[in-house]
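**Q** quick one, what's the 3D model for this:
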Amino acid sequence: MNGDFTRSTFRKEKHYAGVREQQGRVQIDADWNEQMDILAHLGETEAADVIGPCGAPLDGGGFRLVTDPTELSADEQARLTSEGVVPLQPGDFLVTAGRYYVDGILCENDATVSYRSQPDLPDPGALGSGTFLVYLDVWRRHITTVEDPEIREVALGGPDTSTRTKTVWQVKALELPGDYSEGDCLGEVEGWNDLVAGSSGRLAAQATPEDPDDGECAIPAQAGYRRLENQLYRVEIHDPTEGGSPTFKWSRDNGSVVFPIVARNGNVVTVSNLGRDDRSALRKGDWVEVVDDDVVLGAAAEPLLQVDDIDPGTLEVTLSAAPAPGFGEDPDRHPLLRRWDRRETNGAASGTAAVTEGTWLDLEDGVQIRFEAGGTYRTGDYWLIPARTATGDLEWPRNGAGPAARGPHGVRHHYCRLAVVDSDGTAVTVREECRQEFPQITDLLSLFYAGGDGQEAPPGEAVPQELRAGVARGRWPVEGARVRFQVLESTGTLDGAGQTRIVPTGADGIAATGWTLDAGNDVQQVEATLVDAAGSALHIPIRFTATLAKPAREVPAEPAIHIERLMLSAFQEEEPLANGSFVPLERLAHGTILVACDEEIDKAAAVPPACFLTLDLLTPEGLEMGGEFWTSVYHPTVLAGDVFLADSNVIAWQPTEGCRSWMLEMLPGHLQNTTERGLLARFTLKGSFIWSPGERRIYLDGETRGLPRGVNEFNLDFPSGDGAPGGDFEMWFRLIPG
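**A** Numbering: from 1, shown residues only. This is a model prediction of the structure:
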């Protein structure tokens, strides 16, 4: 900002929350400006944190691209037609009125405008043939009484007092490669990163003593900065890196010394004044730049011209060359001469100096700057360097190696994508919308499921529980919100009040309704939607599903073999083998398990794979643990057994001779480590591999149901079977010493 400021003191890394005035103290501009910068930083950060990098409010949002004027209201169409904007010119489109936020900065478009007639981007030109990413470029412009005379207070005689900061938004277009694919509007886009990266140039500043000056008013040589006045130096890039040879210009007054142009004739311009005092006066030999709104808004720079002559009587200034055609001739563009203070050195006659990286460059009176190597620069990049006579030094950050190099103080640009468009040089069409919209916080309501889904009821009857939908704002329930329940694709009813019902939420934020099913579909649904007073949806809906209950069908059981009882025969005694019973080791080792069925069994089915006994044995690790850890690690072990038919309908299992010896020698050690619960033994018959003899083959239906017998114990309900042949039979008992 080219204002007459003492310095710019805002540093966000200091985390200051405000500036406090003290009684009886001197007031300076830097304090007031820092307070404004603190508030701007706070507001923009808060908005960006809530909204995100970019966003338009759902109510009042703007900057939507329109290529068909009939999409607008009749009043807008009439206004744009009267202004000559509609019909659209080739390669043009409309940008709707409204608000948009970019990095927390509020952008306001007061009225729908066309791309080519937007207020703050002079003549962007028509879009040619191709695909373009249309985006917003947002930055802050410094406004003085030259650009806006209404800032002056005429009641006080119109003095030059404070200035203003204006938010400038510009809709621009970036041409995309021909192979651009849809869906990447918010993803990686070629050329975008280079556009938004900004400048990488860095500058350091210092004050160093020079040889003594014999002049009467000279400051002693030991002082680094030797001028008699405090200054705010401005170093600004004139020609960018893109041109191949970047240059800079500088001013000891932040470029704030300007002279409004009231007329121009060739290289002679008439100004409104020649300066209010000796410090701000225009003199012969000064370097000036002809600037107007188009130059500033276009981020451009005009050649610096030297003042050849001045006529104080007529206020005419003769320049070394004529400005470019059009400059200084239109008062509506607020033309002016801006004075730059670079003295003509090193034989340069352009008024600018080359950006020489890695070398300390002298400005004047001990002030030096150095551009760091490897930087890129854009026209308008600037650095502010406060110089103070009290210290004979510059206010510039330092590090252990000396003056720190830092990036430009401005101008800071903020970017946001709006849309991807296609143009044939005449008509423009929107391919993809990039804008993102957000609701007001008061509209951030949530509709959530609260109960009633997944029920079952017979035709013509209501589901047992009401359908319940909740509405909340954050964690707070909302009373009086409107929830519309609607039956989908069936003739069911809601509380006898038809197929659609709007229910307001209660104090607990819950809306509820009953639901009666029809006889049509096995699966039926109701949709719940949060709506406004006009019935428009405010949230994505939720759905409730119910299943039609039908009378149970009598399914005849298929022919099968069923188990009727289980016995353990040992030592010439035969006893029932009950599920969960305790069996002594000796009895099992010398015994036979007998399974009595209600049908004959084929001999070929009586084989070990179809009938087996498994023990859960402690692993060696489990045995070594002992004590309270004896049940830590088990390993299932299938015992070797002989399977045969003890009768035509009785399957028998008994341990082999080798298995019997192993059981009697090895298992006592395991049993000593068990509690009174013993070792778990599981007896299994595979129903799909046990069948009857003859051509009429039927299979074992071994499924059983448990019958309560006590705490955590149960018997088996015989005979076995659930009507589906092939079911396995499983039971278990516990092996104990003895």
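
**Q** every contact and neighbour count from this point should use C-alpha atoms.
**A** Noted.

**Q** phi, psi for the closest residue to Gly52 other than its chain neighbours please.
**A** Spatially, and ignoring its direct neighbours in sequence, Gly52 is nearest to Asp103 (7.2 Å; Cα to Cα, 6 or more residues apart in numbering). Per-residue torsions, Asp103: phi 50, psi 40 (degrees, to the nearest 10).

**Q** again with the one 3 residues further on
**A** Backbone dihedrals for Leu106, given as degrees, to the nearest 10, come out at phi -80, psi 120.

**Q** just the pLDDT at it, thanks.
**A** pLDDT recorded at Leu106 is 96.

**Q** what separates it from Thr167, distance-wise?
**A** Here Leu106 is placed at a distance of 8 Å from Thr167 (Cα to Cα, to the nearest Å).

**Q** circling back to that earlier point, list the contacts of the residue nearest to Gly52.
**A** 44-45, 47-48, 52-54, 414 (Cα atoms under 8 Å, 6 or more residues apart in numbering).

**Q** ok, Thr6 next?
**A** Contact analysis of Thr6 by Cα under 8 Å, 6+ apart lists 29-30, 230-232, 386.

**Q** now intersect those with the helices, please.
**A** By the criterion of DSSP state H, membership of those in helices covers 29-30.

**Q** mind giving me the PyMOL select for the contacts of Thr6, buried ones only?
**A** To isolate the buried ones among the contacts of Thr6 in PyMOL, judged by 16 or more other Cα atoms under 10 Å, type:
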select buried, resi 230+231+232+386
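
**Q** residues touching stretch 682-699, excluding its own?
**A** 559-561, 599-603, 605-606, 610-615, 700-702, 725-733.

**Q** report the distance from that stretch to the chain centre.
**A** Relative to the chain's own centre, stretch 682-699 is displaced by 63 Å; criterion: Cα atoms, centre = their mean, to the nearest Å.

**Q** and stretch 488-506, by the same measure?
**A** 38 Å.

**Q** pretty sure Asp642 sits against Glu657.
**A** No - the pair Asp642 and Glu657 fails to qualify as a contact (Cα atoms under 8 Å) at a distance of 9.4 Å.

**Q** out of those two, which sits in the busier spot?
**A** Set side by side, Asp642 and Glu657 show more neighbours around Asp642, with 17 against 14, by other Cα atoms under 10 Å.

**Q** quick check: which element contains the residue nearest to Arg484 when sequence neighbours are not counted?
**A** Leaving out its chain neighbours, the residue that sits closest to Arg484 by Cα to Cα, 6+ apart is Ile502, at 4.2 Å. Secondary structure from DSSP states H and E places Ile502 in strand 500-504.

**Q** quick one: whichever helix or strand comes after that strand to chain centroid distance?
**A** Heading C-terminal from strand 500-504, the first helix or strand you meet, by DSSP H and E, is strand 510-513. Using Cα atoms, centre = their mean, the mean C-alpha position of strand 510-513 is found 34 Å from that of the whole chain.

**Q** contacts for strand 510-513 next, please.
**A** Counting by Cα under 8 Å, 6+ apart, residues outside strand 510-513 touching it are 450, 466-471, 483, 485, 494-495, 503-505.

**Q** again, 6 Å this time
**A** Applying Cα atoms under 6 Å, 6 or more residues apart in numbering, the external contacts of strand 510-513 come out as 466-470, 503-505.

**Q** avg pLDDT for that strand?
**A** On average, strand 510-513 scores 96.

**Q** kindly report the same for stretch 478-489.
**A** Mean predicted lDDT for stretch 478-489 stands at 94.

**Q** can you tell me the number of residues neighbouring Gly375?
**A** 14.

**Q** now swap in Gly91 and tell me
**A** Around Gly91 there are 21 residues (other Cα under 10 Å).

**Q** thought Leu445 was touching Gly474?
**A** No - contact between Leu445 and Gly474 fails when scored by Cα atoms under 6 Å: they sit 7.4 Å apart.

**Q** neighbour-wise, which of the two wins?
**A** Taking other Cα under 10 Å, Leu445 and Gly474 do not tie; Leu445 has more neighbours (19 against 10).

**Q** and the residue lying farthest from the centre of the chain, how close does it get to Glu289?
**A** Each residue of the chain has a distance to the centre, and by Cα atoms, centre = their mean the biggest one is for Gln572: 80.2 Å. Distance of Gln572 to Glu289, given as Cα to Cα: 124 Å.

**Q** I'd say Ala469 and Gly452 touch.
**A** No - using Cα under 6 Å, Ala469 is not in contact with Gly452; the gap is 8.9 Å.

**Q** between the two, which one's more packed in?
**A** Counted by other Cα under 10 Å, Ala469 and Gly452 do not tie: Ala469 has more neighbours, with 27 against 20.

**Q** does the more buried one sit in a helix or strand, and which one?
**A** strand 467-473.

**Q** name the surrounding residues that touch that strand.
**A** Under Cα under 6 Å, 6+ apart, the answer for strand 467-473 is 445-452, 478, 509-513.

**Q** mind giving me the PyMOL select for those, buried ones only?
**A** Filtering the contacts of strand 467-473 down to the buried ones (16+ other Cα under 10 Å) takes a single PyMOL command:
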select buried, resi 445+446+447+448+449+452+478+509+510+511+512+513
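
**Q** tally of neighbours for Glu575?
**A** 12.

**Q** I figured it hits Arg565, correct?
**A** No - here Glu575 does not reach Arg565: they are 10.7 Å apart, not a contact under Cα under 6 Å.

**Q** does Glu586 count as helix, strand or coil?
**A** Classification of Glu586 using DSSP: H, G, I helix; E, B strand; the rest coil returns helix.
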